[in-house]
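Engineer: What follows is a predicted protein model with its sequence.
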Amino acid sequence: METPRPSLSVVIPFLDEEASIPVLFDRFSALEGLPPEHELIFVSDGSTDSSCALVEKRAQQDRRVKLVVLTRNFGHQAAICAGLDRASGAYVGVMDADLQDSPELLVEMHRTAVREGLDVVYCRRARRSGSWAKRLSYWAFYKAYAYAAETPVDPDSGDFCVLSRRAVETLALLPERVRFVRGLRSWMGLRAQAVSAERPERAAGTPQYTWGRLASLALNGLTSFSARPLRLATIGGGLLCAAAFVLTAFYLAAFLLSDLHAKAPGFTTLVILMLFLSGMQLLMLGIIGEYIAQIFWEVKRRPTYLVARSVNLETESGR
């Protein structure tokens with residue numbers, strides 16, 4: 001007999017969250033409004049603590065709890081994709097294990113999606129917790145992304161969302177290996193609605209998303225959905241050429257009409273111009289390099305992730 005499709009699948013990527021997972025299970029156990037025909041798909045993105053054991057123990061007691069263990073740390077976006085590829089629900093939620101994404105809000109988002117017939121319901125953070133430096137960095141990223149991206153994502157919206165089966169299957173059809181889920185979610189152009197909520201502090205443990213990983217995610221997002229940074233090289237080159245012509249005309253006039261060249265040989269000007277031009281060249285090479293790196297990863301056609309084992313699911317090699 002074929003197993004009925006769950007009403008809601010919840011994909012929960014995690015990395016070393018042994019302190020948060022027991023709290024997460026308690027919150028889901030006490031959660032009102034969660035459909036009884038649901039499944040929780042935990043995806044371990046290279047965890048080295050006891051978090052996998054905690055999930056596996058719960059999975060042995062409840063077959064609605066499922067575990068996917070990746071062979072190593074492939075990154076948060078890859079872990080989300082591993083869960084989406086295995087989610088069978090009519091609707092699929094995506095949330096982090098640290099409880100900065102509220103299970104109660106997830107249920108409300110699911111209700112909204114069903115009631116309104118929406119393909120995407122996502123959380124827009126009305127207020128973000130954390131240090132001022134991190135809040136400023138997020139603000140700067142979304143401002144840059146909104147300017148650069150051809151299909152801008154809603155400012156301050158993360159991966160916390162509920163997707164319809166149609167949206168999940170459409171995401172699976174997109175071929176890129178370097179995944180930026182919130183950008184792809186916006187690019188699809190399906191019926192979507194935002195729900196505003198405050199983003200609380202972590203329930204327990206310490207953040208695993210380092211500044212380096214945040215920067216890498218930001219660069220992937222910018223270079224995956226816009227060619228505008230590449231155009232900076234053309235614009236910058238044109239402006240520098242124009243500035244060079246203006247300076248040439250100025251110094252030619254000064255040479256012919258005054259003795260400025262004798263009083264100020266121009267050493268400082270030359271040094272500043274050399275530093276400026278060298279910096280611009282390195283900046284443009286760096287931008288071009290980011291796009292070449294995207295091509296480098298895409299043409300290899302390696303899977304986004306590899307699965308070591310799974311619990312209550314069939315193990316597959318990857319995607």
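Structural biologist: Happy to help now that I have it.
Engineer: Quick one: mean pLDDT over the longest helix belonging to the chain.
Structural biologist: With secondary structure taken from DSSP state H, the chain has its longest helix at helix 267-300. Averaged across helix 267-300, pLDDT comes to 75.
Engineer: Also stretch 86-106?
Structural biologist: Rounded mean pLDDT across stretch 86-106 is 94.
Engineer: chain center to that stretch: distance?
Structural biologist: Put simply, stretch 86-106 sits 16 Å off its chain's centre (C-alpha atoms, centre = their mean, to the nearest Å).
Engineer: burial count for residue 13?
Structural biologist: 26 (other C-beta atoms under 10 Å). C-beta here means a position set from N, CA and C on the backbone, and glycine is covered the same way.
Engineer: Now name the helix or strand holding the residue nearest to it when sequence neighbours are not counted.
Structural biologist: In space, residue 13 comes closest to residue 79 once its chain neighbours are excluded; the distance is 3.5 Å by C-beta to C-beta, 6 or more residues apart in numbering. For residue 79, the host element (DSSP states H and E) is helix 76-86.
Engineer: which residue ranges form the helices in the stretch 101-250 of the chain?
Structural biologist: Along the stretch 101-250 of the chain, the segments classed as helices by DSSP state H, counting those that start in this stretch run 103-116, 132-148, 165-173, 181-187, 211-224, 228-257.
Engineer: Worst mean pLDDT among those helices?
Structural biologist: helix 211-224 (a mean of 64).
Engineer: Going by neighbour count, which residues of stretch 65-82 are buried?
Structural biologist: 65-70, 73-82 (16 or more other C-beta atoms under 10 Å).
Engineer: what about that stretch, distance to the chain center?
Structural biologist: Its chain's C-alpha centre lies 14 Å from the corresponding centre of stretch 65-82 when counted by C-alpha atoms, centre = their mean.
Engineer: Please apply the same query to stretch 162-178.
Structural biologist: With C-alpha atoms, centre = their mean, you get 15 Å for stretch 162-178.
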